[in-house]
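**Q** Just need the structure, nothing else, for what follows:
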Amino acid sequence: MIPHYKNVHNRFKINGFHFDKEALFQLAYTSIKEGKEHEKDLGVFLLDWLDDKEIITVTTSGTTGVPKRIAIKKQAMVHSAIATGNFFNLHPQDKALLCLPPRYIAGKMMIVRAMIIGLELDIIEPTSHLDSLFAHQTYDFGAIVPLQAENSLEKLNQFKKIIIGGAKVSDDLASKLKEVNSEIYETYGMTETITHIAAKKIGEEYFNILEHVSISNDDRNCLVIEAPSISDEKVITNDIVAILNEKQFKWLGRYDNVINSGGIKLFPEQIETKLASRISNRFFITGFPDAVLGTKVVLVIEGESKEIDLEIFNSLEKFEKPKEVVFVSEFVETDTKKINRNKTLEKIKVV
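**A** Numbering: from 1, shown residues only. Coordinates of the predicted model:
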């Protein structure tokens with residue numbers, strides 16, 4: 001029997017202390033009144049979760065467009081939490097870490113998983129690294145973003161299982177993660193699907209979907225997700241995928257980022273993956289108008305302008321090689337610290 005969203009598991013802990021509903025109210029008020037920013041966000045979420053409404057309003061990250069507010073059923077969040085627990089074999093009293101902002105869906109869902117499954121959740125301030133973890137601390141489960149993984153490789157052995165989401169894991173990072181003695185998964189999902197609906201072990205090619213999820217392609221070859229326990233409507237994405245079977249798919253790139261250069265369709269994300277180990281600064285691939293090709297491939301790098309060694313492009317196919325390199329002193333970011341490509345391009349008056 002699936003737990004109701006009003007239930008709080010009797011094994012649930014935060015930072016070592018048991019909390020029932022009444023105690024959670026007190027924690028929420030104290031966090032809002034006296035806490036740091038992430039603690040205030042925790043308190044706001046707890047009050048939203050514990051009120052009499054059946055829905056909760058969340059904000060999308062704004063990675064691919066303007067951030068928007070959407071309403072999600074609390075019971076759907078419970079279904080998502082159970083699906084994650086089943087996929088990763090989580091049990092009551094397993095220790096988990098929240099190091100993501102409770103303001104956004106990934107952080108909220110770690111809290112919901114803990115309340116519903118009965119996890120013992122430790123909460124630390126969300127930063128770009130995990131330096132605040134002591135060497136003796138170990139966890140059964142944690143959720144991080146690629147930047148945290150990159151900056152905290154030596155800490156990841158303290159987790160039995162880790163999920164990484166929010167941005168694609170580059171080939172360079174994936175090769176480093178393979179040396180970590182933990183089960184590490186890259187996830188696929190978005191706010192509209194209440195975080196991930198699929199995951200794959202680092203180094204694997206295909207994502208495996210969670211329970212009660214069905215997938216298909218639309219006429220653009222973009223992923224269409226049906227998950228009745230999570231969303232009443234189909235979720236039509238802008239992610240171009242290759243579907244292997246009813247349970248597995250390979251992510252190719254964003255439909256809205258595809259570059260048609262001289263009649264050849266190129267996926268910026270795939271080019272970026274090839275370049276990730278060769279460029280130390282943040283960067284991305286985009287397309288600029290071109291009189292001959294229609295659209296030419298352009299490399300946009302964060303930082304001061306300097307000479308580029310063309311050997312960094314040796315791993316690219318002929319049509320993938322950038323025809324121009326543009327430097328931007330500072331990229332525009334979303335609230336969740338991802339690169340906002342459109343806003344960054346506006347700075348150089350291209351879009």
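**Q** ok now do the residue nearest to the spatial centre of the chain, which residues does it touch?
**A** Taking Cα atoms, centre = their mean, the centroid of the chain lies closest to Gly166, which sits 1.7 Å from it. With contact taken as Cβ atoms under 8 Å, 6 or more residues apart in numbering, Gly166 is in contact with Ser61, Ala106, Val145, Pro146, Thr336, Lys338. In short, each C-beta sits where N, CA and C put it, glycine included.
**Q** The fifth one: neighbouring residues, count only.
**A** Going back to what we said before, that points to Thr336. 21 (other Cβ atoms under 10 Å).
**Q** now the second one
**A** Ala106 sits with 25 neighbouring residues when counted by other Cβ under 10 Å.
**Q** do the third one as well
**A** Counted with other Cβ under 10 Å, the neighbours of Val145 add up to 20.
**Q** Now name the helix or strand holding the closest residue to it other than its chain neighbours.
**A** Leaving aside its sequence neighbours, Val145 sits nearest to Gly166 (Cβ to Cβ, 6 or more residues apart in numbering; 4.1 Å). For Gly166, there is no host helix or strand (DSSP states H and E).
**Q** now Gly166: how far from Asp335?
**A** Between Gly166 and Asp335 the distance is 12 Å, computed by Cβ to Cβ, to the nearest Å.
**Q** repeat for Asn257
**A** 21 Å.
**Q** same thing with Ile144?
**A** Ile144 is 18 Å from Asp335, where distance means Cβ to Cβ.
**Q** what about the two, which has more around it?
**A** Neighbour totals were compared for Ile144 and Asp335, and Ile144 leads with 26 against 15 (other Cβ under 10 Å).
**Q** wait, what's in contact with the more buried one?
**A** Contacts of Ile144 (Cβ under 8 Å, 6+ apart): Cys99, Leu100, Leu130, Ser152, Ile162, Ile163, Ile164.
**Q** Quick check: pLDDT value at it.
**A** Note on Ile144: pLDDT of 96.
**Q** That one bridge partners, please.
**A** Judged by DSSP bridges, the bridge partners of Ile144 are Ile164.
**Q** From Glu346, how far out is it?
**A** For Ile144, the distance to Glu346 equals 30 Å [Cβ to Cβ].
**Q** With adjacent residues omitted, what lies nearest to Asp122?
**A** Leu97 (5.2 Å).
**Q** who does the host helix or strand of that neighbour touch, helix- and strand-wise?
**A** Using DSSP H and E, the element containing Leu97 is strand 95-98. Strand 95-98 sits against helix 105-113, strand 120-123, strand 139-144, with contacts defined as 3 or more Cβ pairs under 8 Å, 6 or more residues apart in numbering; DSSP states H and E.
**Q** now do 10 Å
**A** strand 13-14, helix 105-113, strand 120-123, strand 139-144, strand 159-164 (3 or more Cβ pairs under 10 Å, 6 or more residues apart in numbering; DSSP states H and E).
**Q** strands paired with the third one, and their directions?
**A** The strands that strand 120-123 pairs with in its sheet are strand 13-14 (parallel), strand 95-98 (parallel) (by DSSP bridges).
**Q** Show me the contact partners of the longest one.
**A** When you say that, I think you mean strand 95-98. 13-16, 38, 42, 90, 106-111, 113-114, 117, 119-124, 126, 130, 133, 137-144, 158-162 (Cβ atoms under 10 Å, 6 or more residues apart in numbering).
**Q** Could you point out the longest strand of this structure?
**A** What stands out as the longest strand in the chain, according to DSSP state E, is strand 235-245.
**Q** List the strands paired with that strand, with their directions.
**A** Here, using DSSP bridges, strand 235-245 pairs with strand 222-226 (antiparallel), strand 248-254 (antiparallel).
**Q** average model confidence for the shortest one?
**A** Confidence over strand 222-226 (mean pLDDT, whole number) is 97.
**Q** what does the longest one give?
**A** When the per-residue pLDDT values of strand 248-254 are averaged, the result is 95.
**Q** Can I get it in PDB, CA atoms only?
**A** This file holds the C-alpha atoms of strand 248-254, laid out as PDB (Å, rounded to 0.1, in the frame of the first residue of the first chain):
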ATOM      1  CA  GLN A 248      15.700   2.000 -22.300                       C
ATOM      2  CA  PHE A 249      16.700   5.100 -24.200                       C
ATOM      3  CA  LYS A 250      19.800   7.100 -25.200                       C
ATOM      4  CA  TRP A 251      19.900  10.900 -24.800                       C
ATOM      5  CA  LEU A 252      21.200  12.600 -27.900                       C
ATOM      6  CA  GLY A 253      20.700  16.300 -27.300                       C
ATOM      7  CA  ARG A 254      18.200  19.200 -27.100                       C
END
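**Q** I'd like the next helix or strand past that strand.
**A** strand 259-261.
**Q** Count the neighbours of Pro289 for me.
**A** Residues within reach of Pro289, counting by other Cβ under 10 Å, total 9.
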